[in-house]
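1. predicted model follows, preceded by the sequence.
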Amino acid sequence: MIGRWLESRTKREQRTGPLAAVQTPPSAGALSCRVLDPAGRPLPHAEFAVDDTMGRRLVGGGTDPFGSFVATVPAGEYWLLVSAEGYLPYRATVTVGEESLASLGDVTLQAAQPPEMPAPGDWEIDPTHSSIAFTARHIGLARVHGRFNSFAGVVRMADDVTQSAMHVVIDAGSIDTNVTMRDDHLRSADFLDVARFPTLEFYSDRFLYQGGNRWAVVGGLSLHGVTRTVTLDTEYLGLGNGLQGEVRAACRAATELHRDDFTISWQTMLARGIAVVGPSIRIALDVQIVPKG
């Protein structure tokens, strides 16, 4: 038995090829694949689940930034499920051998049927059911959450949605982090300089379909007297009806802004050399639009 253990250990130590860097016990192997979208781009954060033939979950998780995953499992037969929001799930039966790699290679997920889009015409943002929020790093370990309380916008939906356009205006002075002293500082010349630049504006005429219910809305953001190209990673949630029966469309969107790109570079350091304010701001939007009256 000792001889068999030594032989197995020697085989593992001398192992080369795709399984060389994967640590597996003698009775186990590895399962891997790379998940792609229909355009052949990796899908980071796609979900995978590996069940045995009795339906018991052995391992699950998300793909890495390159759309890949590797799971170590006992040798045997398994059911694999790969899924991602906006795509049809992928299922396969896989046999994993001892000290071997069962690779499915590239797995391409097909886009699910997208939800119905808003009708062509002008739609306006409903501010009572929408929010523009942001998150910033504070002293290197905490986050400050805030929002803009006053904004308006119009979306002109085209017959071909990719030809649509939108224009949003935000009242810079409506910034609100729930701390009056901090909000006054953010309105000052150190940050937004509201006296000189009373509004933020975003204009886009590039709606790029990403598959499923995902869109990229690309446009120009004017902030602090500077205009930069910004991409909103957008999840379209579909159509619905309000309490009065009115038709509504909803979406969520997010992006990250770097303060230096908009010449908002105020900074002070703590005694430990830690910046009080982080260099980037995470923006999150929840938006409902209604037909413009």
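-> Happy to help now that I have it.
2. bridge partners for the residue nearest to the spatial centre of the chain, pull those for me.
-> Geometric centre of the chain, nearest residue: residue 233, 6.7 Å, by C-alpha atoms, centre = their mean. Going by DSSP bridges, residue 233 is paired in beta bridges with residue 216, residue 254.
3. go ahead and confirm it touches residue 252.
-> No. Using C-beta atoms under 8 Å, residue 233 is not in contact with residue 252, being 9.2 Å away. From N, CA and C alone the C-beta is placed, and that goes for glycine too.
4. give the contact list for the residue nearest to the centre of the chain.
-> 214, 216, 253, 254, 255 (C-beta atoms under 8 Å, 6 or more residues apart in numbering).
5. how much space separates it from residue 253?
-> Applying C-beta to C-beta, to the nearest Å, the value for residue 233 to residue 253 is 6 Å.
6. same question for residue 35.
-> Remark: distance between residue 35 and residue 253 (C-beta to C-beta) = 23 Å.
7. which one of the two is surrounded by more residues?
-> A count of neighbours by other C-beta atoms under 10 Å puts residue 35 above the other of residue 35 and residue 253, at 28 against 19.
8. pretty sure the more buried one sits against residue 104.
-> No. In this structure residue 35 lies outside contact range of residue 104 using C-beta under 8 Å: 9.6 Å.
9. now residue 65: closest residue in space, sequence neighbours ignored.
-> Leaving aside its sequence neighbours, residue 65 sits nearest to residue 44 (C-beta to C-beta, 6 or more residues apart in numbering; 4.7 Å).
10. now the one you found, what's its secondary structure?
-> Following DSSP: H, G, I helix; E, B strand; the rest coil, we place residue 44 in the coil state.
11. and it, what's its pLDDT?
-> Model confidence at residue 44, given as pLDDT, is 90.
12. same check, this time on residue 22
-> 58.
13. can you give me the strands in the stretch 101-250 of the chain?
-> 101-108, 121-125, 131-138, 142-148, 151-157, 165-171, 175-176, 199-211, 214-223, 226-241, 247-258 (DSSP state E, counting those that start in this stretch).
14. how about the ones you listed, which one is nearest residue 89?
-> strand 101-108 (10.8 Å; C-beta to C-beta).
15. now that closest one: buried residues?
-> Applying a neighbour-count criterion of 16 or more other C-beta atoms under 10 Å, one finds 101, 102, 107 buried in strand 101-108.
16. tell me where the stretch 101-250 of the chain is predicted with low confidence.
-> The model of the stretch 101-250 of the chain has pLDDT under 70 over residues 138-141.
17. mind putting the strands of the stretch 101-250 of the chain into CSV with distance to residue 188?
-> Below are the strands of the stretch 101-250 of the chain laid out as CSV (distance: least, C-beta to C-beta, whole Å):
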stretch, distance to residue 188
strand 101-108, 51
strand 121-125, 28
strand 131-138, 16
strand 142-148, 15
strand 151-157, 21
strand 165-171, 16
strand 175-176, 11
strand 199-211, 16
strand 214-223, 15
strand 226-241, 17
strand 247-258, 19
